[in-house]
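Visitor: what's the 3D shape of this:
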Amino acid sequence: MDAHEEWVKEIRAAILRKQLKTGTAQINDGKSVAIESNDALGSLFEDLRNQAKD
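Guide: Predicted coordinates:
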């Protein structure tokens with residue numbers, strides 16, 4: 001793997017670590033949402049897709 005690819009891999013890993021840290025803190029603070037059904041899960045992902053388009 002060349003240096004650029006390794007650098008990109010490290011940047012992506014750092015971003016994921018930051019997102020995981022944020023998510024874990026939100027869960028620990030009680031800011032999580034319980035998914036009760038497959039329909040609710042599908043709705044959540046649809047909302048996320050729509051937010052990403054905006």
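
Visitor: only C-alpha atoms from now on, for both contacts and neighbour counts.
Guide: Fine.

Visitor: so the spatially most central residue of the chain is in which element?
Guide: Of all residues in the chain, the one closest to the mean position by C-alpha atoms, centre = their mean is residue 19, 6.1 Å from it. Taking DSSP states H and E as the definition, one finds residue 19 inside helix 3-28.

Visitor: taking the mean pLDDT, what do you get for the next helix or strand after that helix?
Guide: Later in the chain than helix 3-28, the nearest helix or strand by DSSP H and E is helix 38-53. The pLDDT scores in helix 38-53 average 93.

Visitor: same question for stretch 14-27.
Guide: 96.

Visitor: quick one: residues in contact with that stretch.
Guide: Contact with stretch 14-27 is made by residue 32, as judged by C-alpha atoms under 8 Å, 6 or more residues apart in numbering.

Visitor: send the alpha carbons of that stretch over as CSV?
Guide: What follows is stretch 14-27, C-alpha atoms only, in CSV (Å, rounded to 0.1, in the frame of the first residue of the first chain):
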residue,chain,number,x,y,z
ALA,A,14,-9.7,8.7,13.0
ILE,A,15,-13.1,10.0,11.8
LEU,A,16,-14.8,6.8,12.7
ARG,A,17,-13.2,6.8,16.2
LYS,A,18,-14.5,10.3,16.8
GLN,A,19,-18.0,9.3,15.6
LEU,A,20,-18.0,6.3,17.9
LYS,A,21,-16.8,8.4,20.8
THR,A,22,-19.7,10.8,20.2
GLY,A,23,-22.2,8.0,19.9
THR,A,24,-21.1,6.3,23.0
ALA,A,25,-21.3,9.5,25.0
GLN,A,26,-24.9,10.1,23.7
ILE,A,27,-25.9,6.5,24.7
